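Novice: below is the sequence, then the predicted model.
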Amino acid sequence: MDSSGPVPPVVTGSRLIYFSSASENTSRFVSKLGREVARIPLLAKEAPLLATRPFVLVVPTYGGTGGEGSVPKQVIRFLNNPQNRELLRGVIGAGNTNFGDNYCMAGDIIAAKCGVPHLYRFELMGTPEDVARVNNGLDTFWTRLSQTQK
Amino acid sequence: MTEKVKLLSHVEAINWNRIQDDKDVDVWNRLVNNFWLPEKVPLSNDVQSWNTLTPAEQQLTMRVFTGLTLLDTIQGTVGAVSLIPDALTPHEEAVYTNIAFMESVHAKSYSSIFSTLASTKEIDEAFRWSTENENLQKKAQIVMDYYQGDDPLKRKVASTLLESFLFYSGFYLPMYWSSRAKLTNTADLIRLIIRDEAVHGYYIGYKFQKGLERVSEEKRQEIKDYTFELLFELYENEVQYTHDLYDGVGLAEDVKKFLHYNANKALMNLGYEAMFPASVTDVNPAILSALSPNADENHDFFSGSGSSYVIGKAVNTEDEDWDF
């Protein structure tokens, strides 16, 4: 590919945006929800994602020591864009309880930094119960949100 | 043993500036950042607490830890090493050497706990028990057999099940003591092991899935059937082992829920769906919160009252703002 200037963004109106590494765990979870979704690109050379409607973000945490490096750099790049940050309404964390205090820490950090609720946590690719709870939760969340703001 | 150890037949100088799979670098860095040694944990602060346990509870704890020592020894000396010849990239080989060494650190850390808390006689007695307990020996033998077999994918399945499932009948107990404010420093050390095993299981499971991509659909089905058969075989043995250990203190049923919960996670590390339904994976909340303080569902907005729909003001962010 010719690298003449920045790659124009891919625009999405999805209400659910997610990041997943090559392990595809979060990707598998999200596909089980059966909702329209958009994926934050894995590689820096890919076109960045630009949200145009309010959305919920699904973000995994790969364990760690303290919080450093908890939020994947691809997600940081995505949220550094003011338009994306402004449209963020909530975050869902993926992780592994084996990581103790750091379980779903990326979700905690984003929730605190962007002032949105950490809606739900699940492990690895999620169980059928996680899928049902998230689908119900998202339905309720968007309904209530539409009643309290436009 | 007379059979020859399988070694790589050809090695090139490893170049970390040319990476085929970013996951190798990510996991290597994660493992290095997570590095620890038992000498850093103030285990001697648990001596007083240890003395509040009954002799039966002390004996149970010693036995659980010798069982864990055996698994870590297998994984350090045979398991992780057996994966090296099948590695898809040179960096994957290097990650396995890291995993192997860390398993040896884990195995040694139980001896640190023993020497801090117990007498030589008690330690020797517990190790003797571990060599005589049929179910413990059987689980070691099942896994060892697959490590010596000739199917690389099956070796990875056995390894992931060991890392992500077989340890947990043992890990339950220090979490239980921790939830009762006992042996809390020992529990801190065990949490470091639990964290490492999660990265190991995740990585070996990931490499297993990479390997699956390269074989026929028929072979994939064979491996899937094999995985569930092996899990059942190990599970049945694990239930017996759990009864051997925990019947005396009445905790066997509680431990089994923890086994189911972790069996599901082991399957997910391999890319398969969870098998045990929620009705049998409802781990005691005290155990779950000893494992991870924010794991209980009250921390989740969906599960809570949902009363505060306050949307905060979005602040400006830069790359360096995201390190906490």
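Specialist: Sure, I can see it.
Novice: in chain B, where is pLDDT below threshold?
Specialist: For chain B, residues meeting the criterion pLDDT under 70 lie at B:1-5, B:297-299, B:304-324.
Novice: so which residues of it form helices?
Specialist: With helices called from DSSP state H, chain B shows them at B:22-33, B:47-50, B:55-74, B:80-82, B:90-117, B:120-132, B:134-148, B:152-161, B:168-179, B:184-212, B:217-246, B:252-269, B:285-291.
Novice: got JSON lines for the ones you listed, with mean neighbour count and distance to residue A:96 too?
Specialist: Where C-beta positions appear, they are placed from N, C-alpha and C, glycine not excepted. JSON lines is the format used below for those (neighbours: other CB atoms under 10 Å in any protein chain shown; distance: least, CB to CB, whole Å):
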{"stretch": "helix B:22-33", "mean neighbour count": "17", "distance to residue A:96": "12"}
{"stretch": "helix B:47-50", "mean neighbour count": "14", "distance to residue A:96": "28"}
{"stretch": "helix B:55-74", "mean neighbour count": "20", "distance to residue A:96": "19"}
{"stretch": "helix B:80-82", "mean neighbour count": "23", "distance to residue A:96": "20"}
{"stretch": "helix B:90-117", "mean neighbour count": "20", "distance to residue A:96": "17"}
{"stretch": "helix B:120-132", "mean neighbour count": "14", "distance to residue A:96": "28"}
{"stretch": "helix B:134-148", "mean neighbour count": "17", "distance to residue A:96": "22"}
{"stretch": "helix B:152-161", "mean neighbour count": "23", "distance to residue A:96": "13"}
{"stretch": "helix B:168-179", "mean neighbour count": "24", "distance to residue A:96": "13"}
{"stretch": "helix B:184-212", "mean neighbour count": "23", "distance to residue A:96": "5"}
{"stretch": "helix B:217-246", "mean neighbour count": "16", "distance to residue A:96": "19"}
{"stretch": "helix B:252-269", "mean neighbour count": "22", "distance to residue A:96": "7"}
{"stretch": "helix B:285-291", "mean neighbour count": "19", "distance to residue A:96": "10"}
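Novice: any chance of those helices in TSV, plus distance to residue A:109?
Specialist: Below are the helices of chain B laid out as TSV (distance: least, CB to CB, whole Å):
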stretch	distance to residue A:109
helix B:22-33	17
helix B:47-50	34
helix B:55-74	32
helix B:80-82	32
helix B:90-117	27
helix B:120-132	42
helix B:134-148	38
helix B:152-161	29
helix B:168-179	26
helix B:184-212	18
helix B:217-246	35
helix B:252-269	23
helix B:285-291	21
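Novice: looking at these, which is nearest to residue B:15?
Specialist: helix B:90-117 (7.6 Å; CB to CB).
Novice: and the closest one with helix B:168-179, angle?
Specialist: 50 degrees (axes from the mean of the first three to the mean of the last three CA atoms, to 10 degrees).
Novice: is chain A contacted by helix B:90-117?
Specialist: No: Helix B:90-117 lies out of reach of chain A by CB under 8 Å from any CB of the partner chain, never closer than 13.1 Å.
Novice: and that helix with helix B:184-212, angle?
Specialist: Interaxial angle of helix B:90-117 relative to helix B:184-212 (the same axes, to 10 degrees): 160 degrees.
Novice: in three-state terms, label residue A:121 for me.
Specialist: Here residue A:121 is recorded as strand under DSSP: H, G, I helix; E, B strand; the rest coil.
Novice: cool, residue A:58 as well?
Specialist: strand.
Novice: residues in a beta bridge with the residue nearest to it when sequence neighbours are not counted, which ones?
Specialist: If you skip the residues right next to it in sequence, residue A:58 has residue A:18 as its closest partner in space, 3.8 Å away by CB to CB, 6 or more residues apart in numbering or on different chains. Per DSSP bridges, the residues bridged to residue A:18 are residue A:39, residue A:58.
Novice: correct me, but residue A:18 touches residue A:26?
Specialist: Yes: between residue A:18 and residue A:26 there is a contact under CB atoms under 8 Å: 5.6 Å.
Novice: hey, what's in contact with both of these two?
Specialist: Counting by CB atoms under 8 Å, 6 or more residues apart in numbering or on different chains, the shared contacts of residue A:18 and residue A:26 are A:58-59.
Novice: returning to what we had before: what residues are up against the residue nearest to residue A:58?
Specialist: A:26-27, A:30, A:37-40, A:57-59.
Novice: quick check: it vs chain B, distance?
Specialist: From residue A:18 across to chain B, the span is 16 Å (CB to the nearest CB, to the nearest Å).
Novice: how about the residue of chain A found nearest chain B, phi and psi?
Specialist: When distances are taken as CB to the nearest CB, chain A reaches nearest to chain B at residue A:115, 1.6 Å away. Main-chain dihedrals, residue A:115, degrees, to the nearest 10: phi 60, psi 40.
Novice: now residue A:94
Specialist: phi -120, psi 150.
Novice: surely it touches residue A:62?
Specialist: No: with contacts defined as CB under 8 Å, residue A:94 does not count as touching residue A:62, sitting 9.6 Å away.
Novice: compare those two (neighbour count), which wins?
Specialist: residue A:94 (28 against 24; other CB atoms under 10 Å in any protein chain shown).
Novice: reformat the contacts of residue A:18 as CSV; add neighbour count, distance to residue B:245 and pLDDT.
Specialist: CSV is the format used below for the contacts of residue A:18 (neighbours: other CB atoms under 10 Å in any protein chain shown; distance: CB to CB, whole Å; pLDDT from 0 to 100):
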residue, neighbour count, distance to residue B:245, pLDDT
A:26, 24, 36, 97
A:27, 19, 39, 97
A:30, 26, 39, 98
A:37, 17, 45, 97
A:38, 19, 49, 98
A:39, 19, 45, 98
A:40, 22, 45, 97
A:57, 28, 43, 98
A:58, 29, 39, 98
A:59, 29, 38, 97
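Novice: burial measure for the residue lying closest to residue B:198 once chain neighbours are set aside, as a count.
Specialist: Counting by CB to CB, 6+ apart, residue B:198 lies nearest to residue A:98, which is 3.4 Å off, once chain neighbours are set aside. Residue A:98: 25 surrounding residues under other CB under 10 Å.
Novice: so who does residue A:98 touch?
Specialist: So residue A:98 contacts A:63, B:194-195, B:197-198, B:291-292 (CB under 8 Å, 6+ apart).
Novice: 7 Å - rerun?
Specialist: Neighbour list for residue A:98: B:194-195, B:197-198 [criterion: CB atoms under 7 Å, 6 or more residues apart in numbering or on different chains].
Novice: OK, contacts around residue B:159?
Specialist: B:79, B:83, B:204.
Novice: residues in contact with the last one?
Specialist: If I follow you right, that is residue B:204. B:83, B:156, B:159-160, B:163.
Novice: same thing with the second one?
Specialist: With contacts taken as CB under 7 Å, 6+ apart, residue B:83 has the following neighbours: B:96, B:155-156, B:159, B:204.
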